[in-house]
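*Asks:* just coords:
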């Protein structure tokens, strides 16, 4: 069986038994979700790249030290490591606010889905992403965290509940209130988040 077809658990086991290619497959399998989560949290490309590298260094160190107990939640464990590294970074910097909206780069949304779009559509799309991200940034912290974990990191509500230490119903409730609050902010700011 090809390594790429193995589950996360099987790849972890093979890595622990000395198969170095297994960790590379695990990293490649989850790198987009992890990097997107980090970037959407820190809003700074250089810092996101540093935290991303540190995350997978810590993942490898933890696997080597036998500190990972597999219960089918590898990606949640990796996101938790990234989350803790982000918190550690900002504690060291004595900052509560992560970054300003000015730190955005259009590369964040450079996606093949938009390759055939016109310049005008690209500008509108970038503005929509900027407006949505500003709405997310204005949510209360607990609601913002659920939105980022769900829509940017792609975690299930079960994984979000485990990551944040709350029940699934609480995670769902936070998402519901986040959507209500975002709709209210859209109305108050008279935003149009669709192509005309």
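*Replies:* Great, that's in hand. None of the values given here were measured: they were computed from a predicted structure.
*Asks:* roughly how far is the helix or strand harbouring residue 134 from the heart of the chain?
*Replies:* Using DSSP states H and E, residue 134 falls within helix 119-137. Here helix 119-137 shows a centroid-to-chain-centroid distance of 18 Å under the convention CA atoms, centre = their mean, to the nearest Å.
*Asks:* so what secondary structure elements neighbour it?
*Replies:* Judged by 3 or more CB pairs under 8 Å, 6 or more residues apart in numbering; DSSP states H and E, helix 119-137 is in contact with helix 141-147, helix 168-189. Glycine gets a C-beta too; all of them are placed from N, C-alpha and C.
*Asks:* what angle do helix 168-189 and that helix make with each other?
*Replies:* Counting by axes from the mean of the first three to the mean of the last three CA atoms, to 10 degrees, helix 119-137 lies at 120 degrees to helix 168-189.
*Asks:* need the helices and strands packed on helix 119-137 in JSON lines with mean neighbour count, can you?
*Replies:* Below are the helices and strands packed on helix 119-137 laid out as JSON lines (neighbours: other CB atoms under 10 Å):
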{"stretch": "helix 141-147", "mean neighbour count": "19"}
{"stretch": "helix 168-189", "mean neighbour count": "15"}
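*Asks:* what about residue 23, neighbour count?
*Replies:* Here the number of neighbours of residue 23 (other CB atoms under 10 Å) works out to 19.
*Asks:* oh sorry, the question was meant for residue 90
*Replies:* Using other CB under 10 Å, the number of residues around residue 90 comes to 17.
*Asks:* many thanks, have a good one.
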